[in-house]
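Student: here is a sequence together with a model predicted from it:
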Amino acid sequence: MKNYSFKPQGVCARQITFGIDDDGKLRDVRFTGGCPGNLLAIGKLVEGADPRNVASILRGNDCRGRGTSCADQLSIALTAALEEENAAVN
């Protein structure tokens, strides 16, 4: 499993960590900071999911007019991780 760490911008969370296992499934999504209940729920809901689908669903979610949210930042982090994995394969 490859693990990733992402520093979100414009939100209360200070860090997002997650893994993508050898089968391409999302694992161990964790947020540092932010709204604990909501962010723990996001981690549970996306466990074992396809990161492409998760990124697509969460992309563009807004928190209080900030233009982003912790969910949107997870989408950005997942997209970056997938691009990194694709670059390593090619």
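Tutor: Thanks, I have the structure now. Residues are numbered from 1 along each chain as shown.

Student: if you average pLDDT per helix and strand, which one of the protein comes out bottom?
Tutor: When the helices and strands of the chain are scored by mean pLDDT, DSSP states H and E, helix 70-89 comes last with a mean of 94.

Student: quick one: contacts for the residue nearest the centre of the chain?
Tutor: Nearest to the geometric centre of the chain sits Leu74, at 2.7 Å (Cα atoms, centre = their mean). Residues in contact with Leu74 (Cβ atoms under 8 Å, 6 or more residues apart in numbering) are 16, 18, 29, 31, 42, 46, 54-55, 58. For glycine as for every other residue, the C-beta is placed from the backbone atoms N, C-alpha and C.

Student: in the least confident helix or strand of the chain, which residues are buried?
Tutor: Neighbour counts over helix 70-89 (16 or more other Cβ atoms under 10 Å) mark 70-78, 81-82 as buried.

Student: just stretch 54-64 next, same as before
Tutor: 54-55, 58, 63.

Student: which parts of this structure are strands?
Tutor: Here the chain has its strands, by DSSP state E, at 2-6, 15-20, 26-32.

Student: turn the ones you listed into TSV, including distance to Ala88, mean neighbour count and mean pLDDT.
Tutor: Output for the strands of the chain, formatted as TSV (distance: least, Cβ to Cβ, whole Å; neighbours: other Cβ atoms under 10 Å; pLDDT from 0 to 100):
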stretch	distance to Ala88	mean neighbour count	mean pLDDT
strand 2-6	9	14	97
strand 15-20	12	19	98
strand 26-32	18	19	98
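
Student: to Asp50, which of those lies closest?
Tutor: The closest of these to Asp50 is strand 26-32. By Cβ to Cβ, the value is 7.3 Å.

Student: how close does Lys44 get to Pro8?
Tutor: 19 Å (Cβ to Cβ, to the nearest Å).

Student: these two: who's more crowded?
Tutor: Using other Cβ atoms under 10 Å as the criterion, Lys44 and Pro8 rank with Pro8 on top: 22 against 9.

Student: how about the more buried one: what's its closest non-neighbour residue?
Tutor: Closest residue to Pro8 apart from its sequence neighbours, by Cβ to Cβ, 6 or more residues apart in numbering: Gln73 at 3.7 Å.
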